[in-house]
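Participant: here you go, sequence then predicted model.
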Amino acid sequence: MSTTDALTVPEKPTFAQRVARLDRAQRIRLAVGIVLFVAIAVIGLMMGRQSEWRVLYANLPDKDGGAIVAQLTQMNVPYQYGTGGGSILVPANMVYDTRLKLASLGLPKGAVTGFELMDTANRFGMTQFQERLTFQRGLEGELVRSIQALSSVQSARVHLALPNQNGFFRDQQKPSASVLVSLNAGRSLDRAQLAGIVHLVSSSVPEMDPKAVSVLDDTGKLLSTPPDQEAGLGADAQQLQHVQQIEQLYTNRILDILEPVVGRKNIRAQVTAELDFSQSESTTEAYKPNQTPDSSSVRSQQTLESTLAANQPPTGVPGAATNQPPGPSGAFINGAAQTPVAAGAASAANGARRESIINYEVDKTVRVVRGATGMIKRISAAVVINHQNVTDPKGKTSAMPISDEQLTKMTALVRETIGFNKDRGDSVNLMNAAFTDDKANVADIPWWERPEILDMVRALAWPLGTLLLGALVLLGAVRPALKAMTQPLPEPVVEAEGHVDALEAEEPDRPLLEGPGQSSSSLPAPPTPAELALEEARKLTRDNPAAVANIVKAWINGEASS
């Protein structure tokens, strides 16, 4: 039997044998590392497959929120609550589909109910008071819906005071209303919108006066003007608004006429208008001169005639005045007086007496003149124009002042635009100056603070964190144990003398092979007992390093104590 046949080739160790070679601490570290790595992999997979949550509805009343949650449970739609429980979140890919399905079911109904209360109000045994109360609630709900349709209003409440009508017309009370509005952040209601809300409420209730409607905001501030202050405050606000409109109108006219010439960013214009809002009224009475009788109007006429008998003795008070015949009666207007007729001649002619009184209309003209308010008293316009850019033949652009001739023409254009009136005291000032290019000093945001970088970090936080944590577990716990398992097993020590004796016993007649230049004395000498002991110590060190370390530690402690 040959020498190579006598030496046995060691078999490859199995996984169980390699694990058995590890000490207790290494086995625990390997098991914990494998468990942690599997847990991290599972968590990372679950977080990677988790969908993004979006808001389905926010700021819902408790009643609608409970109905929506119950319906989502029946629909098998996952949901969760937002911060503070003020919103309901669903997966991002199911938001619109869920909203459409809930809308088909009439959800959310909203806290405001209108005339749909009347659909279920026809119950048997309902009193007249309950019917009126239900109608009032429905009317208030409809008004709230209409007011909340405004873009500036976030929510609203309407309180109607509808008194009972009796049979006495004089004792009937007029209805009134109060409106409480909560505005969106940064929004406000102008006077036109307030007037619209007041008109909406007053027009929805029969016989309600607009002055009986009060509008308040959520801070308790009265937005609608009280009736006793409406005349004064309203006029001032309207006057200020009118002045601003006039000034803006003239400013736009100046910009429209000069922007095509100098450019949109090369002109600034301001107009100040002084208006007269005083009210004046004058009354004039004019009387024309007396006209001729033919062209004048007769107001009244009275004629008196009397006939005297021929043998009638004279009567009356004796004297010169009695013997004189009366003169002709009548009012002469701008005409010559008639010649009086002698008494004897008139009596002898017809023996009659005639008196006539005519009253004519007096020509009078009454003129009442009321001066218009908001008349323009004076207009002042200030215009600044930037230097114009001029390009030389070399292609270099530079800013140059505008010539005096062009400024004169532009000033004439501005005057014609605003309707310049010298007698009124209008003034126009046009100046040419270089504009200062004040660019906003925008701070350079570091790349790690940019929104897109932050969004990318948030999106990759879980995958990268999971990968990094798994790598730490592999390198810190699993890899050292696997490295210890893959170390080769120590080769068995062969007893040289026993092996040679066995060969000689099996083949006593076979000579030892000697190579060229090699004799029997060149064969390796058998190991000494010291070498065998050293090899055993090395094997023990490889197999059980902890025990060897304890032995060495005990030796050192013993030497130190001695």
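Facilitator: Looks like it came in fine.
Participant: and the one helix or strand Leu454 maps to, which residues are buried?
Facilitator: Counting by DSSP states H and E, the element that carries Leu454 is helix 451-473. Buried residues in helix 451-473, counted by 16 or more other Cβ atoms under 10 Å: 466, 469-470, 473. All C-beta atoms are positioned from the backbone trio N, CA, C, and that covers glycine.
Participant: may I have the helix or strand just after it exported as PDB, CA atoms only?
Facilitator: Toward the C-terminus, helix 451-473 is succeeded by helix 479-485 as the next helix or strand (DSSP H and E). Listed in PDB are the C-alpha atoms of helix 479-485, where the atom choice follows Å, rounded to 0.1, in the frame of the first residue of the first chain:
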ATOM      1  CA  ARG A 479     -20.500  39.000   8.100                       C
ATOM      2  CA  PRO A 480     -18.100  38.300  11.100                       C
ATOM      3  CA  ALA A 481     -20.000  35.100  11.900                       C
ATOM      4  CA  LEU A 482     -19.900  34.000   8.300                       C
ATOM      5  CA  LYS A 483     -16.200  34.800   8.000                       C
ATOM      6  CA  ALA A 484     -15.500  32.600  11.100                       C
ATOM      7  CA  MET A 485     -17.600  29.800   9.600                       C
END
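Participant: CA atoms only: put the helix holding Leu454 into CSV for me.
Facilitator: Included here for helix 451-473 are C-alpha records, laid out as CSV according to Å, rounded to 0.1, in the frame of the first residue of the first chain:
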residue,chain,number,x,y,z
PRO,A,451,-37.8,72.3,-2.3
GLU,A,452,-37.1,69.7,-5.0
ILE,A,453,-34.2,68.3,-3.1
LEU,A,454,-36.3,68.1,0.1
ASP,A,455,-39.1,66.3,-1.8
MET,A,456,-36.6,63.8,-3.2
VAL,A,457,-35.1,63.2,0.2
ARG,A,458,-38.5,62.6,1.7
ALA,A,459,-39.3,60.2,-1.2
LEU,A,460,-36.0,58.2,-0.8
ALA,A,461,-35.8,58.4,3.0
TRP,A,462,-37.4,55.0,3.6
PRO,A,463,-35.7,53.0,0.9
LEU,A,464,-32.3,54.5,1.6
GLY,A,465,-32.7,54.2,5.4
THR,A,466,-33.8,50.6,5.0
LEU,A,467,-30.9,49.7,2.8
LEU,A,468,-28.4,51.4,5.1
LEU,A,469,-29.8,49.7,8.2
GLY,A,470,-29.7,46.3,6.5
ALA,A,471,-26.1,46.9,5.4
LEU,A,472,-25.1,47.8,8.9
VAL,A,473,-26.7,44.6,10.2
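Participant: that helix - what's its average pLDDT?
Facilitator: Helix 451-473 carries an average pLDDT of 76.
Participant: same check on stretch 159-171?
Facilitator: The average of the pLDDT scores along stretch 159-171 is 76.
Participant: cool, stretch 286-298 as well?
Facilitator: Stretch 286-298 comes out with an average pLDDT of 74.
Participant: and if you look at stretch 95-104?
Facilitator: 87.
Participant: in it, what's buried?
Facilitator: Going by 16+ other Cβ under 10 Å, stretch 95-104 has these buried residues: 98, 102.
Participant: swap in stretch 80-91?
Facilitator: Within stretch 80-91, the residues scored as buried using 16+ other Cβ under 10 Å are 87-91.
Participant: same check on stretch 258-276?
Facilitator: Neighbour-count burial for stretch 258-276 flags 258, 262, 266-269, 271, 273, 275 (criterion: 16+ other Cβ under 10 Å).
Participant: any weak-confidence spans in the stretch 101-250 of the chain?
Facilitator: Low-confidence segments of the stretch 101-250 of the chain, defined by pLDDT under 70: 109-116, 118-124, 166-171, 225-235, 237.
Participant: whoops, the stretch 401-550 of the chain was the one
Facilitator: In the stretch 401-550 of the chain the weaker segments, taking pLDDT under 70 as the threshold, are 438-444, 484-526.
Participant: can you show me the helices along it?
Facilitator: With DSSP state H, counting those that start in this stretch, the ranges of helices along the stretch 401-550 of the chain come out as 404-418, 451-473, 479-485, 496-506, 529-543, 545-561.
Participant: could I get these as CSV with distance to Ala195?
Facilitator: Output for the helices of the stretch 401-550 of the chain, formatted as CSV (distance: least, Cβ to Cβ, whole Å):
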stretch, distance to Ala195
helix 404-418, 32
helix 451-473, 43
helix 479-485, 80
helix 496-506, 119
helix 529-543, 99
helix 545-561, 94
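Participant: looking at these, which is nearest to Glu52?
Facilitator: Glu52 lies closest, by Cβ to Cβ, to one member of those: helix 451-473, at 9.8 Å.
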